[in-house]
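# Need coordinates for the following:
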Amino acid sequence: MLPENHNIISRTLPISEFQKRFFIEWLIEPNECTYNISQIHKLSGQLDKKRLKNSCKEFIERNEVVHARYSKKGESCYYGDFSINNFFHELTFGDSKEAERQIQVLLFQPFDLTKGPLLRIFLIELNQKNNSQEFYFFFVCHHIICDGVWMYEFFEQVRDGYNETTKHVSYANHQEISFTEAVKEESKYQNTDFKSRARRFWLNFIGDTSLRTDLSALMNIKIPNEEISNKNGAVIHFNLNRKQTHFLRTYASRNNVTLFVTLLALYGFVLSKYSLQKNFLISYPVDTRSKKFKKAIGCLVNNIPAKFVLKGINSLSELIAVLGDQRRQVKRFQNYSSINIIQDLIDSKGPQTDVYMNIGFGQTYLNTIPLGLDELKSSALNSSWSKNSIYEISLLYDDYRDDCIKFKLEYRKSFFTSYLMKNFLDSFYEAIDIFIKRGDLSEPYTLMRPAEYDQVVKEWNRTD
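Residues are numbered from 1 along each chain as shown. I've put the predicted structure just below:
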């Protein structure tokens, strides 16, 4: 039976195995914006607003998942018959400061997954006294329908739709790749035999390693009990330059590993130095799309753990090699839902106090490609996707450009000070520079300054 609403029709949409956790977490905190995702461009020039809106209209008509609306318990998903006016919103403000204040409000408005739409597109025009034309163009959507591929494809499809008449770019080149068909393809592998083998694999892989890593040494502060559940976060954006980027790409290629594995090892190496941990897990997303559906629009990612066992590893190059082998081993079972992994641990070991991973890492799209609308200047703006941080600490990167790698370091403010995170970032840079200079990074080398190291050890050993 369909919910009572005028813009719901009898068509249903499938629910990916990997979307389920987002709905569960939304049910727990329906008024939070933890899983909001956004990207912002500032535009200047003679914008054809009607053309831009029409290009967005083509995007929403072409991609069914943006119409998703869930039943109250999340067991069903319906196709909401939303029009472009339900998605596209035009606003005008007097100056950029006023506009940017309002943008912050719009970015952090929560979504109701049972009502939709779960995508909002905004065009904000500045009412300039000098008659210059400036705009902010951005989207906000819920992670349940969106991932890194979605973000990249959104801007590419909107750009090609806008430029179609002037640059002979055909929007028709973007073949409609059905989310429904992508989920059907995914379900072929979710059979009983696969789940049984995957269950055994992940239980053995995780072993006795705790899902949640003790980061108390890194925190340097005692957190009041009432603050432990506070997800309020902060973000630091930073880039690697051309030289650093070229070295890391070349190293990965020559050593038969991916850039992902190389950066994951660097991140874990520095994190180990600060947290004083030698055995821990880092959660990371994997794209579950098959080759046929590589450009499918939707949320088609699963989160699985990378395991760091640093005892006996004497250098960064050794760690990279170990993690490279690990990635090749886990690929067979990377489509086994993170919900199932956690539930299997509970079933195997009994109720767990910490049934979540608190450290994150991943590759995504961080708005590094120019929007490129015809006869318009555009600049990408950094944004915090949410007021909250999903993990206690996480590092995302974007390698869509060849000449730089962009990062987003996110952390919970109740856990870590901005000063400590700045030092952590400095150590990350230092590790890369030493890696470039020496060709490796040895385990005994401490990335912390003596005063920092003494303070961490002191806090670690404190029992009061």
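
# Check the chain and tell me which residue is nearest its centre.
The centre of the chain sits closest to Thr364, judged by C-alpha atoms, centre = their mean, with a distance of 5.6 Å.

# so it touches Leu396, yeah?
Yes. Using C-beta atoms under 8 Å, Thr364 is in contact with Leu396, at 5.1 Å. Where C-beta positions appear, they are placed from N, C-alpha and C, glycine not excepted.

# contacts for stretch 309-325?
If you take C-beta atoms under 8 Å, 6 or more residues apart in numbering as the criterion, stretch 309-325 is touched by 255-258, 261-262, 264-266, 268-269, 272, 278-279, 306, 308, 431, 435, 439-443.

# What separation is there between the residue nearest to the centre of the chain and Gly94?
Thr364 sits 34 Å away from Gly94, taking C-beta to C-beta, to the nearest Å as the criterion.

# And for Phe155?
Separation of Phe155 from Gly94 (C-beta to C-beta) stands at 27 Å.

# cool, Met151 as well?
For Met151, the distance to Gly94 - C-beta to C-beta - is 30 Å.

# So between the two, which is more surrounded?
Neighbour comparison, Met151 and Gly94: the larger count goes to Met151, with 20 against 11 (by other C-beta atoms under 10 Å).

# Can you give me the buried ones in the helix or strand hosting that one?
According to DSSP states H and E, Met151 maps onto helix 148-167. Within helix 148-167, the residues scored as buried using 16 or more other C-beta atoms under 10 Å are 148-164.

# Repeat that for stretch 13-24.
Across stretch 13-24, burial judged by 16+ other C-beta under 10 Å covers 13-23.

# where do the strands sit along this structure?
Counting by DSSP state E, one finds strands in the chain at the ranges 8-13, 36-45, 68-70, 77-80, 88-93, 119-126, 134-142, 233-240, 279-287, 301-309, 359-363, 376-381, 393-398, 405-412.

# Of all these, which one is nearest Lys331?
Nearest to Lys331, of all those, is strand 279-287, at 8.2 Å by C-beta to C-beta.

# That closest one - what's its average pLDDT?
For strand 279-287, mean pLDDT rounds to 97.

# so where's the stretch 351-464 of the chain uncertain?
352-353, 443-464 (pLDDT under 70).

# what about 50?
Under the criterion pLDDT under 50, the flagged ranges of the stretch 351-464 of the chain are 459-464.

# residue boundaries of the helices in it?
In the stretch 351-464 of the chain, the segments counted as helices under DSSP state H, counting those that start in this stretch are 418-438, 450-461.

# if I pick the residue nearest to the centre of the chain, what's in contact with it?
With contacts defined as C-beta under 8 Å, 6+ apart, Thr364 is in contact with 147-148, 151, 285, 396-398.

# what does Leu248 give?
The neighbours of Leu248, taking C-beta under 8 Å, 6+ apart as the test, are 240, 259, 262-263, 405, 432.

# Same check on Lys53?
84, 88, 90, 123.

# Return the set of residues that bridge with the spatially closest residue to Leu366 that is not a sequence neighbour.
Spatially, and ignoring its direct neighbours in sequence, Leu366 is nearest to Asp398 (3.7 Å; C-beta to C-beta, 6 or more residues apart in numbering). Beta-bridge partners recorded for Asp398 (DSSP bridges): Lys406.

# how many neighbours does Asp398 have?
Number of residues near Asp398 (other C-beta under 10 Å) recorded here: 21.

# Please apply the same query to Asn241.
Residue neighbour count, defined by other C-beta under 10 Å, stands at 11 for Asn241.

# thinking again about what came up before, now the buried members of the contacts of Leu248.
Using 16+ other C-beta under 10 Å, the buried ones in the contacts of Leu248 are 240, 259, 262-263, 405, 432.

# from what I can see Ser378 touches Gln39, true?
No. The pair Ser378 / Gln39 is not scored as a contact, 11.8 Å apart, by C-beta under 8 Å.

# farthest-separated two in the contacts of Leu248?
Within these, Leu259 and Ile432 form the most distant pair, 12.6 Å apart (C-beta to C-beta).

# ok so, going back, looking at the contacts of Leu248, which is nearest Ile341?
Of all the contacts of Leu248, Ile341 sits closest to Leu263, with 23.2 Å by C-beta to C-beta.

# Contact partners for the closest residue to the closest one other than its chain neighbours?
The shortest distance from Leu263 to any non-neighbouring residue, by C-beta to C-beta, 6+ apart, is to Tyr397 (5.9 Å). Shown in contact with Tyr397 (C-beta under 8 Å, 6+ apart): 263, 362-364, 366, 405-408.

# Next one: Leu323 relative to Phe23, how far apart?
According to C-beta to C-beta, Leu323 stands 31 Å off from Phe23.

# same question but for Tyr365, I mixed them up
With C-beta to C-beta as the criterion, Tyr365 and Phe23 are 23 Å apart.

# So Val183 is in contact with Phe18, correct?
No. Between Val183 and Phe18 there is no contact under C-beta under 8 Å: 9.6 Å.

# shared neighbours, these two?
Contact with both Val183 and Phe18 is made by residues Leu300, according to C-beta under 8 Å, 6+ apart.

# For Ala296, grab the count of nearby residues.
By other C-beta under 10 Å, 25 other residues sit near Ala296.

# That should have said Ile282, apologies.
Here the number of neighbours of Ile282 (other C-beta under 10 Å) works out to 24.

# cool, Ala234 as well?
Ala234: 16 surrounding residues under other C-beta under 10 Å.

# export the buried residues of stretch 13-24 to CSV and tack on distance to Lys57?
As requested, the buried residues of stretch 13-24 are exported to CSV (distance: C-beta to C-beta, whole Å):
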residue, distance to Lys57
Leu13, 20
Pro14, 24
Ile15, 26
Ser16, 25
Glu17, 31
Phe18, 28
Gln19, 25
Lys20, 30
Arg21, 31
Phe22, 26
Phe23, 27
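
# And stretch 293-307, end to end?
With C-alpha to C-alpha, to the nearest Å applied, stretch 293-307 spans 29 Å between its terminal residues.

# And it, what's buried?
Residues of stretch 293-307 classed as buried: 293, 295-307 (neighbour count, 16+ other C-beta under 10 Å).

# wait, which of these is closest to Leu43?
Ile297 (23.2 Å).

# Could you export the contacts of Tyr397 as TSV, including distance to Asn31?
Below are the contacts of Tyr397 laid out as TSV (distance: C-beta to C-beta, whole Å):
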residue	distance to Asn31
Leu263	34
Gly362	26
Gln363	30
Thr364	25
Leu366	27
Ile405	35
Lys406	31
Phe407	30
Lys408	24
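
# For Asn54, state which of those residues is nearest.
Leu366 (27.3 Å).
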